[in-house]
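J.: No letters, just coordinates:
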Ligand code: SF4
């Protein structure tokens with residue numbers, strides 16, 4: 001997959017969000033390029049014409065402006081991230097998520113990390129010692145064959161579960177985001193037991209990946225019955 005990487009200067013980084021009071025997205029675009037990703041609306045917002053997953057704008061000034069913005073705004077919970085994976089592969093080189101976390105931790109801002117990548121473990125030292133950082137993994141299926149169909153460029157299910165376990169055993173508050181619930185999510189009940197403090201569950205609420213379901217004969221997993229059955233089982237984790 002071709003990837004167009006551009007270093008850009010962001011105008012702001014600590015922005016209001018509907019999920020948590022604030023969100024920080026150190027990147028625009030996401031190398032994971034999940035087929036169902038709702039964040040592809042960012043193409044419209046930013047004028048990108050490339051397919052979702054094939055461009056990333058790197059906000060190289062993110063730490064610098066975050067440092068300024070937290071001085072002007074009232075301390076509240078920050079979600080990292082909403083429309084990109086903060087630990088997508090480019091983070092290994094740019095370390096923007098790490099630098100933003102350092103600033104937030106130093107100033108005692110509460111943070112919720114959301115990722116699909118075990119690269120988050122690179123920052124375990126920081127996460128453990130911060131006053132209020134929790135970390136969660138998006139794991140919408142337990143079946144890695146399904147993961148390869150819907151999220152071929154994201155880390156394997158097994159690697160996410162293992163990383164979640166490492167975080168949890170290190171004393172970090174952890175969660176799993178099972179949203180959207182994909183086919184093959186049943187076994188998450190067993191896989192997540194004892195590794196998370198809580199789970200979020202939601203169904204597929206948008207239609208970007210309907211063709212993927214159809215191409216693979218998985219339409220049953222879009223029904224109300226499937227979601228309700230899974231929700232009941234997963235709520236017991
Ligand atoms: S990891 Fe998240 S932001 Fe990135 S493509 Fe997948 S769903 Fe979208």
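T.: The structure has been received and is ready for your questions. No experiment lies behind these values; they were computed from the predicted model shown.
J.: Verify the stated contact: residue 23 with residue 77.
T.: No: no contact is recorded between residue 23 and residue 77 when judged using Cβ atoms under 8 Å, the distance being 9.8 Å. Any C-beta I mention is one placed from the backbone N, CA and C, and that applies to glycine too.
J.: Please identify which of these two sits among more neighbours.
T.: Taking residue 23 and residue 77 together and counting by other Cβ atoms under 10 Å, residue 23 has the greater number of neighbours (21 against 16).
J.: residues in contact with the more buried one?
T.: If a contact means Cβ atoms under 8 Å, 6 or more residues apart in numbering, then residue 23 has 15, 16, 17, 78, 79, 80, 81, 82, 83 as its contacts.
J.: Return the members of these classed as buried.
T.: Among the contacts of residue 23, those buried by neighbour count (16 or more other Cβ atoms under 10 Å) are 17, 78, 79, 80, 81, 82, 83.
J.: So what does the residue nearest to residue 17 when sequence neighbours are not counted look like in phi/psi?
T.: Beyond its immediate neighbours in the sequence, the residue positioned closest to residue 17 (Cβ to Cβ, 6 or more residues apart in numbering) is residue 23, lying 3.8 Å away. With angles defined as degrees, to the nearest 10, residue 23 shows backbone torsions of phi -130, psi 140.
J.: Show me what residue 23 is bridged to.
T.: For residue 23, the beta-bridge partners under DSSP bridges are residue 15, residue 79.
J.: ok, so what distance separates it from residue 147?
T.: According to Cβ to Cβ, to the nearest Å, residue 23 and residue 147 sit 25 Å apart.
J.: do residue 184 as well
T.: 8 Å.
J.: How about residue 115?
T.: Separation of residue 115 from residue 147 (Cβ to Cβ): 15 Å.
J.: Same drill for the two, tell me which one is more crowded.
T.: Higher neighbour count among residue 115 and residue 147: residue 115, with 26 against 23, using other Cβ under 10 Å.
J.: ok, what's across the strand from the residue most central in space within the chain?
T.: The residue lying closest to the centre of the chain (Cα atoms, centre = their mean) is residue 115, at 3.3 Å. For residue 115, the beta-bridge partners under DSSP bridges are residue 137.
J.: Settle this for me: it is touching residue 85, isn't it.
T.: Yes: if you go by Cβ under 8 Å, residue 115 and residue 85 touch, sitting 5.5 Å apart.
J.: Can you pick out the most distant pair from the buried ones among the contacts of residue 23?
T.: Pairwise distances across the buried ones among the contacts of residue 23 (Cβ to Cβ) peak at 14.1 Å, for the pair 78 and 83.
J.: so where do the strands sit in this protein?
T.: Secondary structure of the chain (DSSP state E): strands located at 4-8, 15-16, 22-23, 27-28, 55-59, 78-80, 111-115, 133-138, 174-178, 198-201.
J.: would you turn the ones you listed into CSV with mean pLDDT and distance to residue 223?
T.: Rendered in CSV, the data for the strands of the chain read as follows (pLDDT from 0 to 100; distance: least, Cβ to Cβ, whole Å):
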stretch, mean pLDDT, distance to residue 223
strand 4-8, 97, 38
strand 15-16, 97, 35
strand 22-23, 98, 32
strand 27-28, 98, 34
strand 55-59, 98, 34
strand 78-80, 98, 30
strand 111-115, 98, 27
strand 133-138, 98, 22
strand 174-178, 97, 17
strand 198-201, 95, 16
